[in-house]
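structure, please.
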Amino acid sequence: MTTTSRRKLLSRLVRTGAFVGAALAVGLASAQSAKPIRLLVGFPPGGGTDAIARTLAEKLKDELGQPVVVENRPGAGGQIAAQALKASAPDGTTLFLTHDHTISILPQVVKNPGFDPARDFVAVGGFATFVNAFAVSGGTPAKSFTEYVGWLKASGGGKGAVGIPAPASTPEFLVKLVGQKYQLDLVSAPYRGSAPMMADMLGNQISAGVASVQDFMENHKAGKVRVVGVLGTKRQAAMPDVPTFDEMGLKGFEDLPYYGIYAPTGTPQKFVTDFSNALAKVVAQPDVRDHLTAMGLTVGHMSPQQLAAREKAYTEAWARIIKTSGFVAQ
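Here you go, the predicted structure:
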């Protein structure tokens, strides 16, 4: 090889090395500058929804190659978080993980919730359905719902307070319907989420509570509270000995509540599609599926279109229940 050839080869190698180095630097800078995705949760840390969000956020981070940070905005049954989502820029940096209450129930029971799901939000993807459950505290002698009814009538003349995670929620309507069916004078005691309600149940400050199965699961397994009835038409795989209220004659709760993720209206469709696809991959992972199933969820990905359809059907079903109950939006 001549001296001139060697010089040309060396020059090309230097230029190639510089190009590769520059490309790597740009890629690293891009990865480091990627904005984290805020995943809003409308309930306090320590509750079922918070635990679910943190499980998914950790896996979504790996799938997307982008930080996903859970941000708790508790209060008013998710209303504060929903308002925060509405006020967020539709740029793919803010999402809202929630269950049916905030999306399907709140707009029907609050006159001015500060948001309209149909107008202000776009469905990104769903990942599970679940059921609500009725549980009694460890200080209550009842081992079944029938025993709870008998205990309440014998010790309190049929009067009792039942904790619920939020006012004007599905659990509140359930408390009312249970009271009517079993001729009990039950009063709903609303909390700011399931975590503080659970704390009072564990401390025997309140004898019963209604919330989602996943809110009770850990303490039910530990024997600290006892789930004595679940909604829906099928017993839960995680607690097969607990009867459904359908078995006990309380009908009309066949349409199951759901969990989904939402973005502000105007969020680019590509982001919605990409995130929903990442969510599908995450919930298909055996460890994630097993973990969420153990919490009492029925796991299954819903596309944006499927989540929107479930939301619509569930909202219409509860519109009929709310109207029948005589409840007036406040």
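
the nearest residue to Thr49 once chain neighbours are set aside - how many residues pack around it?
Once flanking residues are discounted, Thr49 sits nearest to Phe43: 4.8 Å by CB to CB, 6 or more residues apart in numbering. Placement of C-beta: from N, CA and C, glycine included. By the criterion of other CB atoms under 10 Å, Phe43 has 29 neighbours.

residue contacts, Phe43?
49-50, 72, 74, 78, 165, 193-195 (CB atoms under 8 Å, 6 or more residues apart in numbering).

how about Tyr191?
By CB under 8 Å, 6+ apart, Tyr191 lies in contact with 163-166, 197, 200.

do Ser144 as well
Val228.

rewinding a little: just the element for the residue nearest to Thr49, please.
Under the criterion DSSP states H and E, no helix or strand holds Phe43.

distance of it from Ala195?
Taking CB to CB, to the nearest Å as the measure, Phe43 falls 7 Å from Ala195.

can you list residues touching both of the two?
Asp50.

adding secondary structure and neighbour count as columns, could you present the contacts of Tyr191 in a markdown table?
Formatted as a markdown table, these follow (DSSP: H, G, I helix; E, B strand; the rest coil; neighbours: other CB atoms under 10 Å):
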| residue | secondary structure | neighbour count |
| --- | --- | --- |
| Gly163 | strand | 25 |
| Ile164 | strand | 25 |
| Pro165 | coil | 31 |
| Ala166 | coil | 28 |
| Met197 | helix | 26 |
| Asp200 | helix | 17 |
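
how about stretch 65-82 as PDB, C-alpha atoms only?
In PDB, the C-alpha atoms belonging to stretch 65-82 read as follows (Å, rounded to 0.1, in the frame of the first residue of the first chain):
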ATOM      1  CA  GLY A  65     -37.600   2.900  27.100                       C
ATOM      2  CA  GLN A  66     -38.900   6.000  28.900                       C
ATOM      3  CA  PRO A  67     -39.500   6.800  32.600                       C
ATOM      4  CA  VAL A  68     -43.100   6.300  33.800                       C
ATOM      5  CA  VAL A  69     -43.700   8.000  37.100                       C
ATOM      6  CA  VAL A  70     -46.800   7.500  39.300                       C
ATOM      7  CA  GLU A  71     -48.100  10.800  40.600                       C
ATOM      8  CA  ASN A  72     -50.800  10.500  43.300                       C
ATOM      9  CA  ARG A  73     -53.500  13.200  43.200                       C
ATOM     10  CA  PRO A  74     -55.900  11.900  45.800                       C
ATOM     11  CA  GLY A  75     -59.300  13.400  46.600                       C
ATOM     12  CA  ALA A  76     -63.000  13.400  45.600                       C
ATOM     13  CA  GLY A  77     -63.000   9.900  44.200                       C
ATOM     14  CA  GLY A  78     -60.500  10.700  41.500                       C
ATOM     15  CA  GLN A  79     -62.000  14.000  40.600                       C
ATOM     16  CA  ILE A  80     -58.900  16.000  41.400                       C
ATOM     17  CA  ALA A  81     -56.700  13.800  39.200                       C
ATOM     18  CA  ALA A  82     -59.200  13.900  36.400                       C
END
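
centre of the chain to it, how far?
Remark: stretch 65-82 is offset 11 Å from the chain centroid, using CA atoms, centre = their mean, to the nearest Å.

what comes up buried for stretch 96-107?
The neighbour-count check on stretch 96-107 (16 or more other CB atoms under 10 Å) flags 96-107 as buried.

secondary structure, pLDDT and distance to Gly158 for these - can I get that in CSV?
Shown next, in CSV, are the buried residues of stretch 96-107 (DSSP: H, G, I helix; E, B strand; the rest coil; pLDDT from 0 to 100; distance: CB to CB, whole Å):
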residue, secondary structure, pLDDT, distance to Gly158
Phe96, strand, 98, 40
Leu97, strand, 98, 39
Thr98, strand, 97, 35
His99, strand, 94, 31
Asp100, helix, 95, 30
His101, helix, 92, 28
Thr102, helix, 95, 33
Ile103, helix, 97, 35
Ser104, helix, 96, 32
Ile105, helix, 95, 27
Leu106, helix, 94, 31
Pro107, helix, 95, 34
